[in-house]
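Enquirer: Structure of the sequence below:
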Amino acid sequence: MTPLITVSNRGVVVEAVKLAEDRSGDVIVRLYESLGQRCATTVTASFATDRIYCTDLLERALDGVLPDPVGQSIALSLRPFELVTLRFRREPAAGPG
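Expert: Sure thing, here's the model as predicted:
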């Protein structure tokens, strides 16, 4: 079974993966740096997404926090023990032709 979310750095822990509270179908991911050191990681979704951005704990968008994602992935630089909440906006399903 393929995980919904993967991270490239084993010091980064994915704490939660859930649907957004607004019932949009977007996926919320909470993760944190667990080793007490600065690190870089790439977070990758196994599903189609057209936008990835950072939110606060109430899932409200934070402006200008992340660089542009590349496909289904985003590169992050985390401070020691930093907690990050990401929102993966899912691509709309293609309608009948």
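Enquirer: secondary structure class for the closest residue to S73 other than its chain neighbours?
Expert: Computed as CB to CB, 6 or more residues apart in numbering, the closest residue to S73 that is not its neighbour in sequence is T44, at 4.3 Å. Where you see a C-beta, it was placed from the backbone N, CA and C, and this is true even at glycine. In three-state terms, and counting by DSSP: H, G, I helix; E, B strand; the rest coil, T44 is strand.
Enquirer: if I look at T44, how far off is I52?
Expert: Separation of T44 from I52 (CB to CB, to the nearest Å) stands at 10 Å.
Enquirer: what about those two, which has more around it?
Expert: Under the criterion of other CB atoms under 10 Å, the comparison of T44 against I52 puts I52 first, with 24 against 19.
Enquirer: worst-scoring helix or strand of this protein, pLDDT-wise?
Expert: In the chain, the helix or strand scored least confidently by mean pLDDT, DSSP states H and E is strand 49-55, which has a mean of 88.
Enquirer: what sits against the one residue sitting closest to the centre of the chain?
Expert: If you average the C-alpha coordinates of the chain and look for the closest C-alpha using CA atoms, centre = their mean, you land on L86, 3.7 Å from that point. Taking CB atoms under 8 Å, 6 or more residues apart in numbering as the definition of contact, the neighbours of L86 are 28-31, 43, 52-55, 66, 74.
Enquirer: Out of those, which end up buried?
Expert: 28-31, 43, 52-55, 74 (16 or more other CB atoms under 10 Å).
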